[in-house]
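Sharing a model prediction with you, sequence too.
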Amino acid sequence: MTYGLGMLTEAGLVMASDSRSNAGVDHVARVSKLSRFEVPDNRALVLLAAGNLATTQAVQQTLQQALGTGSLQDLYAQLSLFDAARCIGNVLRSVMQADADFVRPYGDPSATFLFGGQIAGGPPGLYMIYSAGNFIAADQRTPFLQIGETKYGKPILDRSFHPQLDLETSTKLALLSFDATIRSNLSVAAPIDLVRYRTDRLALGTTYEFGTGDSYYDAVTGGFSTGLTDLVDQLPNPPRNETPA
């Protein structure tokens, strides 16, 4: 299992994924699940993966090998984000058709992806691509999308995230969402790979790696825990249970 998160704001995008891959309690590895696809001044694209590792890596490698070929699988040849999402969905569908029946007796072959970024001439966007190859898009009413182990990191986003937030505040909320998930589920673990993309820049910045022991990550998550404890102490006490005379 993994946890992947994409956040679409008016300022741009925040996309992040953990790095844990496990096939049982005695086989745990660290695997990057974030892929970048860039053409300077033309497109900046990020792909996050969750699910069967062989399936996700087959999709990622197929897309990498097709770059610059001009084929239907070439992300650099797609004219819009919608077309690029459909391209990824088609590759995922072909991998599932080829491998799923052989994998199923041994485990779940399915995979999901988050895909976001911007192509010149269009706005930034964010998509969730399902194992069937179909997909949905984020919008103002659904400004964040999640894949993998989603339930623990969702409440703080439901309470605090909205598309008018700047990328810095969105990054803090993303890290707190991951911290809540890591604390509650052993199948998700640091380091967290995170990319911020600013609207119309058409270039991806640094892929940040956050984890336990990282000074910024510890400051954000520790500060939140301390602040939450202090806030609870300040809340009014419940009514006293007085016994009638």
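Structure received.

C-alpha only now, for contacts and for neighbours.
OK.

Neighbours of Y152, how many?
17 (other Cα atoms under 10 Å).

Counting by contacts, list what the longest helix seen in the chain packs against.
The residue-count maximum for a helix in the chain (DSSP state H) belongs to helix 81-103. In terms of contacts (3 or more Cα pairs under 8 Å, 6 or more residues apart in numbering; DSSP states H and E), helix 81-103 is packed against helix 53-66, strand 111-119, strand 125-129, strand 135-137.

so which of those comes closest to F144?
The closest of the helices and strands packed on helix 81-103 to F144 is strand 125-129. By Cα to Cα, the value is 8.3 Å.

Give the pairing partners of the closest one; include direction for each.
strand 111-119 (antiparallel), strand 135-137 (antiparallel) (DSSP bridges).

what angle do it and helix 81-103 make?
Going by axes from the mean of the first three to the mean of the last three Cα atoms, to 10 degrees, strand 125-129 is angled at 20 degrees with respect to helix 81-103.

re earlier: for the longest helix of the chain, buried residues please.
Neighbour counts over helix 81-103 (16 or more other Cα atoms under 10 Å) mark 81, 84-93, 95-96, 100, 103 as buried.

Next, the angle helix 53-66 makes with that helix.
Counting by the same axes, to 10 degrees, helix 81-103 lies at 130 degrees to helix 53-66.

Contacts for helix 81-103 next, please.
By Cα atoms under 8 Å, 6 or more residues apart in numbering, the residues outside helix 81-103 that reach it are 55, 58-59, 62-63, 72-75, 78, 109-110, 115-119, 122, 125, 127, 129-135.

hmm, which of the residues you listed are the buried ones?
55, 59, 62-63, 72-75, 78, 109-110, 115-119, 125, 127, 129-133, 135.

Would you convert the strands paired with strand 125-129 into TSV that also reports distance to T181?
What follows is the strands paired with strand 125-129, written out as TSV (distance: least, Cα to Cα, whole Å):
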stretch	distance to T181
strand 111-119	18
strand 135-137	24
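
which helices and strands does whichever strand or helix holds L145 pack with?
L145 belongs to strand 144-148 when assigned by DSSP states H and E. Secondary-structure packing of strand 144-148 (3+ Cα pairs under 8 Å, 6+ apart): strand 3-8, strand 43-51, strand 111-119, strand 125-129.

Tell me which of those is the most buried.
Ranked by mean neighbour count, the helices and strands packed on strand 144-148 are led by strand 3-8 with a mean of 29 (mean count of other Cα atoms under 10 Å).

picking that back up, need the strands paired with strand 125-129 in a markdown table (columns: distance to R159 and mean pLDDT).
Shown next, in a markdown table, are the strands paired with strand 125-129 (distance: least, Cα to Cα, whole Å; pLDDT from 0 to 100):
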| stretch | distance to R159 | mean pLDDT |
| --- | --- | --- |
| strand 111-119 | 22 | 98 |
| strand 135-137 | 21 | 98 |
